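K.L.:
Quick one, what's the 3D model for this:
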Amino acid sequence: MAGLPPGDPQLVSMIVNHLKTQGLFDQFRRDCLADVDTKPAYLNLKQRVDNFVSNHLSNHTWSPHLNKNQLRNNIRQLVLQSGMLEQGVDRIVAQVVDPKINHTFRPQVERVVREFLSPGSYSEEPPLPVSSADVKPESTLNSNRRRKDWI
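P.N.:
Just a heads-up that it's a prediction; the model follows:
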């Protein structure tokens, strides 16, 4: 491991596997899912999908011979083709994940990576305070780039 340069795919894979074994991704998933159903983006997407499905079903007459699986698959395809899920998920990520990246996820990932790269040399001391001149306002960062970097 020590001989691998930073960014080496094998090293990255080893670190990601270590993060997974530590349960970090599962913890992040639980933290985000706990917040999702309260966010306006999720509620809006849920309402849009519900309305879309209701409108589609209103054009069908129920009968005992109706192939429900075929109808369900047809609706699923129409929802996917509409693009509303992609837009809605992007908004949900912006409202749920993005605010947690720098303050919650990154410090935990950095701690586990330091422990992985230098076992036994990491102490639980808090990091030294950073001067305000060294910190860039979060609004100057590209949220799409951050999302892609951490997901």
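
K.L.:
Quick one: low-confidence residue ranges for the chain.
P.N.:
Scanning the chain for pLDDT under 70 picks out 1-2, 121-151.

K.L.:
Output the contacting helices and strands for the longest helix along it.
P.N.:
When the chain is parsed with DSSP state H, its longest helix is helix 40-58. Counting contacts by 3 or more CB pairs under 8 Å, 6 or more residues apart in numbering; DSSP states H and E, helix 40-58 packs against helix 68-82, helix 84-96. (Glycine included, C-beta is placed from N, CA and C.)

K.L.:
Tell me which of those helices lies nearest to Glu115.
P.N.:
Smallest distance to Glu115 across the helices and strands packed on helix 40-58 (CB to CB): 26.9 Å, for helix 84-96.

K.L.:
Give me the contact list for that closest one.
P.N.:
Around helix 84-96, the neighbours that count as contacts under CB atoms under 8 Å, 6 or more residues apart in numbering are 32, 35-36, 39-42, 44-45, 48-49, 52, 79, 143, 147, 151.

K.L.:
Please identify the buried residues of it?
P.N.:
Gly88, Arg91, Ile92, Val93, Gln95, Val96 (16 or more other CB atoms under 10 Å).

K.L.:
and of those, the nearest to Pro6?
P.N.:
The closest of the buried residues of helix 84-96, once distances to Pro6 are taken by CB to CB, is Val93, at 27.1 Å.
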